[in-house]
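Engineer: Generate coordinates for the sequence data below:
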Amino acid sequence: MDVGGMLRKALGQLERERGKIDRQIASLQAALSGAGGRGAGRAGKTRRRSGMSAAARKATSRRMKAYWAKRRAQAAAGKKR
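Structural biologist: Okay, the predicted model is just below:
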């Protein structure tokens with residue numbers, strides 16, 4: 001292979017590598033700006049949930065206990081038939 005052919009081959013490899021690096025840079029910039037799609041722009045941010053008050057937890061607990069008691073009673077009635 002002559003020197004010109006080797007140089008063209010090396011240049012082609014470097015251009016492919018530059019394209020790959022350019023795509024990675026664009027991806028990182030999009031993630032930092034929040035324009036990168038699903039989940040992008042949330043790097044370092046934590047999701048904060050609103051908590052339930054003690055009264056709300058107690059009310060939910062009562063409702064769920066009644067719900068499951070009813071389900072168990074229906075299951076038991078279905079087995080007896």
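
Engineer: residue ranges with poor pLDDT in this protein?
Structural biologist: Low-confidence segments of the chain (pLDDT under 70): 35-44, 81.

Engineer: let's see 80
Structural biologist: 1, 34-49, 80-81 (pLDDT under 80).

Engineer: can you map out the strands along it?
Structural biologist: For the chain, applying DSSP state E gives no strands.

Engineer: mind giving me the domain ranges of it?
Structural biologist: Under the assignment named as automatic domain parsing, the residue ranges that make up the domains of the chain are 1-40, 52-81.

Engineer: Put together TSV for those, with mean neighbour count on each row.
Structural biologist: Every C-beta, even on glycine, is put in place using the N, C-alpha and C of the backbone. Formatted as TSV, the domains of the chain follow (neighbours: other Cβ atoms under 10 Å):
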stretch	mean neighbour count
domain 1-40	10
domain 52-81	9
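
Engineer: Make JSON lines from those and add distance to residue 46 to it.
Structural biologist: Below are the domains of the chain laid out as JSON lines (distance: least, Cβ to Cβ, whole Å):
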{"stretch": "domain 1-40", "distance to residue 46": "13"}
{"stretch": "domain 52-81", "distance to residue 46": "19"}
